[in-house]
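> Just need the structure, nothing else, for what follows:
(one chain, ligands or ions: 1)
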Amino acid sequence: MRDFDYEAPTSLADAVGLLAKNNGNARPLAGGTDLIDHVRTGRLSADLIVDLKKIPELMALELNEQGLRLGAAVPCYQIYGHPGIVEKYSAITDSSNIIGGMQIQNRASVGGNLANAGAAADSTPALIALEAIVVIAGPDGTREIPVDEFCTGPGQNVLEQGEIIVELRFPPRPSHSGSHYRRFIPRNEMDIAVVGVAASVVLDESGENFVSVRIGLGAVAAKPFYAQEASEILAGQPVNDESIQKAAAAARAVIHPITDMRGTEEFRNHVTGVLTERVIKKAVERARG
Ligand SMILES: Cc1cc2nc3c(=O)[nH]c(=O)nc-3n(C[C@H](O)[C@H](O)[C@H](O)COP(=O)(O)OP(=O)(O)OC[C@H]3O[C@@H](n4cnc5c(N)ncnc54)[C@H](O)[C@@H]3O)c2cc1C
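Sure, this is the predicted structure:
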């Protein structure tokens, strides 16, 4: 591996300043579980690595009536170890809990998982289902975008040179809401999703009808995405097998899966339907309490 410089700034302004210099060859580091491998294997080059874990905004983890603030560099174990997040934002704890193994989860962040922009990234469908807003800081100031607009293709995202994700902001969870993320992998653990599905549901007071639903899909297109039609089809519908099967069919209709060593296009199509049904049902179970 080629030598590089290392800085660990303690303020957001200093981090942005360091990243904006170095002609685009400074790389932000959160957990390093993707970055170090990419630099070591030559997929990415770096003259300077800027460690983000000493910046308070990047390590923020706040849950209150305004919703959830999740700093981009917070490691997975802190997310699924937070009882309030487990209860209210379950889909994000489901995904944090299965990214790699325990050693990876001690370092890896949701911000790094998102910035890496992998089609099969496990946390991104959950962020989409839970309507996260991505807060970005850079040399020209701060901006916010909905998470479903962040990834633009495999390994590609909207960040300009010198920009970093500061945090993910989630709206407060309504009453009678629940969420879930599940993936299919050929092995029991430590594998890449063949299909990943997240769903967030809001039910009416009776718990028998959907008010709204958001479904995020991963590993079945060039980037994780919001399955809009499959989500909207359920609004106002009764919670039953028939309506959930319709949503699963709508999810299958909008995917563009590939065939690779983990599964064929046809298999991914089938699994998308099965997982969408199961994930919605689990989210409903959680919404009913
Ligand atoms: C053994 C192993 C198992 C794994 N298993 C899984 C798995 O099951 N599911 C899964 O989805 N992934 C998995 N991964 C991939 C990786 O662990 C995740 O993508 C992880 O969430 C990355 O987070 P990180 O904090 O380590 O990111 P880093 O490696 O620090 O960064 C990843 C990329 O994002 C950039 N970056 C980091 N933070 C920011 C920021 N705040 N703003 C802008 N850019 C930023 C970095 O420059 C780099 O390009 C695995 C990796 C390993 C090594």
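> mind checking which helix or strand the residue of the stretch 1-150 of the chain found nearest the ligand is in?
Residue nearest to the ligand within the stretch 1-150 of the chain: Gly112 (2.1 Å; CB to the nearest ligand atom). C-betas here are computed from N, CA, C, even on glycine. Gly112 belongs to helix 110-116 when elements are defined using DSSP states H and E.
> Packing partners of the helix or strand following that helix?
Later in the chain than helix 110-116, the nearest helix or strand by DSSP H and E is helix 123-129. Packing contacts for helix 123-129, counted by 3 or more CB pairs under 8 Å, 6 or more residues apart in numbering; DSSP states H and E, involve helix 90-96, helix 110-116, strand 177-184, strand 195-203, strand 210-218.
> Now do the first one: which elements does it pack against?
The helices and strands touching helix 90-96, judged by 3+ CB pairs under 8 Å, 6+ apart, are helix 76-80, helix 83-88, helix 110-116, helix 123-129, strand 177-184, strand 195-203, helix 265-288.
> Swap in 7 Å and give it another go.
Under the contact criterion of 3 or more CB pairs under 7 Å, 6 or more residues apart in numbering; DSSP states H and E, helix 90-96 touches helix 76-80, helix 83-88, helix 123-129, strand 177-184.
> mean confidence for the helix holding Gly112?
Mean pLDDT, computed over helix 110-116, is 98.
> what does it contact?
With CB atoms under 7 Å, 6 or more residues apart in numbering as the test, helix 110-116 has contacts from 30-31, 34, 70, 72-73, 79, 96, 99, 121-124, 127, 150, 157, 159, 165, 168.
> which ones are touching Ala249?
Contacts for Ala249 were tallied using CB under 7 Å, 6+ apart; they are Gly273.
> Please name the nearest non-neighbouring residue to Glu229.
Leaving aside its sequence neighbours, Glu229 sits nearest to Ala250 (CB to CB, 6 or more residues apart in numbering; 5.0 Å).
> burial measure for the one you found, as a count.
By other CB atoms under 10 Å, 20 other residues sit near Ala250.
> any idea which helix or strand carries it?
Going by DSSP H and E, Ala250 is in helix 241-253.
> now that helix: mean pLDDT?
98.
> Use 250 as the first number from now on
Okay, using 250 as the starting number, the last item reads as helix 490-502.
> and that helix, which residues are buried?
Within helix 490-502, the residues scored as buried using 16 or more other CB atoms under 10 Å are 492-493, 496-497, 499-501.
> At the contact with the ligand, which residues of the stretch 300-449 of the chain appear?
301, 321-322, 347-349, 353, 356-358, 360-362, 364-365, 370-371, 408, 413-414, 439 (CB under 6 Å from any ligand atom).
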